[in-house]
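Participant: Here you go, sequence then predicted model.
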Amino acid sequence: MLVAAAVCPCPPLLVPEVAAGAAPELDAARAACVDALGVLAAARPDLLVVVGPAEQTGRGPFAQGTPGGFRGFGVDLTVRLGSALDTDHAPDHAAGSELPTSLAVGAWLLERTGWADAPIEGLGVGEPLAPERCIHSGREIAARAGRVALLVMGDASACRSVKAPGYLDERAAPFDAEVARALGAADVAAVKALDADLAAELKAAGRAPWQVLAGAAEGAGLSGALLYEDAPYGVGYLVATWS
C-alpha cells in the first residue's frame with residue numbers, strides 16, 4: 001500500500017554543478033525537494049520507487065545501485081540509485097543500463113538527503129503512455145510491499161513564456177494551476193483526469209508519472225501539501241507531498 005509520496009521537478013538544472021552560475025535561482029526548489037523527501041523518510045516505507053519520464057530505451061525497471069550521470073550536460077558527475085545504502089550487494093542491473101535523466105536527478109536528491117531508510121528501485125515511464133496504463137502501473141507498484149513510498153519526478157508545462165522550450169502557450173498557466181491544485185490536494189480523481197494530449201502539446205513531462213502516482217494512491221486516503229510552485233525559464237516546477 002502507498003503510505004507516502006513526494007512529487008519533485010526533474011530538470012538537470014536542479015543539480016548545482018549543471019546549473020553553474022544560475023544555481024541560486026533554484027535554491028528554493030531544492031529546499032522544497034529536501035523537505036518533501038523528509039516526508040518519505042518519516043513514513044518509514046518498506047520500499048521506495050522512484051518514477052520519472054523516460055525515452056523508449058530507458059524505462060527499466062532499474063535496480064538499486066544503477067548509475068546515472070550528467071555528462072550530456074557537460075558535467076562529469078555520476079550518481080547511483082540508492083548509493084547511500086550498501087550498493088556493493090545491490091541486485092545486478094542490465095549491462096550498460098543507465099538511469100534516464102529524470103531518475104538521475106532523483107538519485108541526486110536522494111544522495112543529497114542521505115537516504116538510507118528502505119530499498120530503492122527506479123522506473124522510467126514513457127511520456128506517451130496512456131493514462132489507463134499509467135494508473136495500472138501505479139496499482140501494481142502499490143501492491144509490491146506493505147508500505148510503499150514513491151518519489152515522483154516530473155515537470156509541468158514548458159510553455160509559460162516566450163523564452164520557454166515550447167514558447168508561450170496561453171493554455172499552459174491554467175493547466176499548471178490545475179496540476180498544482182490536484183497535487184496539493186492529493187486529488188486522485190483529478191490527477192487521473194489530466195488530459196494526456198494537452199499535456200503533450202504543452203510539453204508537460206510529468207503527466208505520466210503523476211498518473212502512476214494516482215493509480216498507486218487509490219484507496220490510500222492520503223492528504224496532500226503543495227510546497228513549491230514556480231515557472232523559472234518558462235517551465236512549471238512543482239513540489240508536493242502526499243502522506
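Facilitator: Sure, I can see it.
Participant: Can you show me the CA trace of stretch 112-127 as CSV?
Facilitator: Taking Å, rounded to 0.1, in the frame of the first residue of the first chain, the C-alpha atoms of stretch 112-127 are listed here in CSV:
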residue,chain,number,x,y,z
ARG,A,112,21.8,15.0,-1.1
THR,A,113,19.5,13.9,1.8
GLY,A,114,21.5,10.8,2.7
TRP,A,115,18.6,8.4,2.1
ALA,A,116,19.1,5.1,3.9
ASP,A,117,15.7,4.2,5.0
ALA,A,118,14.5,1.5,2.6
PRO,A,119,15.5,-0.4,-0.6
ILE,A,120,15.1,1.6,-3.7
GLU,A,121,14.0,0.8,-7.3
GLY,A,122,13.6,3.0,-10.3
LEU,A,123,11.0,3.1,-13.1
GLY,A,124,11.0,5.2,-16.2
VAL,A,125,7.6,5.9,-17.7
GLY,A,126,7.3,6.7,-21.4
GLU,A,127,5.8,10.1,-21.8
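Participant: Settle this for me: Val50 is touching Ile120, isn't it.
Facilitator: Yes. With contact defined as C-beta atoms under 8 Å, Val50 counts as touching Ile120 (6.6 Å). Just so you know, the C-beta spots here come from the backbone N, C-alpha and C atoms, and that holds for glycine as well.
Participant: joint contacts of these two?
Facilitator: Common neighbours of Val50 and Ile120, counting by C-beta atoms under 8 Å, 6 or more residues apart in numbering, are 81, 110.
Participant: nearest residue to the residue sitting nearest the centre point of the chain other than its sequence neighbours?
Facilitator: Closest to where the C-alpha atoms of the chain average out (C-alpha atoms, centre = their mean) is Met153, at 0.9 Å. Leaving aside its chain neighbours, Met153 sits nearest to Gly52 (3.4 Å; criterion: C-beta to C-beta, 6 or more residues apart in numbering).
Participant: for Ile135, same thing?
Facilitator: Gly215 is the one closest to Ile135 (C-beta to C-beta, 6+ apart), at 3.5 Å.
Participant: What mean pLDDT does the helix or strand that contains that neighbour get?
Facilitator: Take DSSP states H and E as the rule and Gly215 turns out to sit in helix 207-216. Average pLDDT, helix 207-216: 98.
Participant: what helix or strand is the residue nearest to Met153 on?
Facilitator: Short version: Gly52 belongs to strand 47-54, going by DSSP H and E.
Participant: just to revisit the earlier point, for the helix holding Gly215, name the packing helices and strands.
Facilitator: With contacts taken as 3 or more C-beta pairs under 8 Å, 6 or more residues apart in numbering; DSSP states H and E, helix 207-216 sits against strand 2-8, strand 47-54, strand 120-126, helix 131-142, strand 148-153, helix 188-192, helix 196-201.
Participant: need those in TSV with mean pLDDT and distance to Pro16, can you?
Facilitator: Shown next, in TSV, are the helices and strands packed on helix 207-216 (pLDDT from 0 to 100; distance: least, C-beta to C-beta, whole Å):
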stretch	mean pLDDT	distance to Pro16
strand 2-8	98	15
strand 47-54	97	19
strand 120-126	95	22
helix 131-142	97	30
strand 148-153	98	17
helix 188-192	98	30
helix 196-201	98	29
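Participant: among those, which is nearest Glu229?
Facilitator: strand 2-8 (11.0 Å; C-beta to C-beta).
Participant: re earlier: so the residue nearest to Met153 makes contact with Ala107?
Facilitator: No. Checked against C-beta under 8 Å, the pair Gly52 and Ala107 is beyond contact range at 10.1 Å.
Participant: and for these two, which residues touch both?
Facilitator: In contact with both Gly52 and Ala107: Gly122, using C-beta under 8 Å, 6+ apart.
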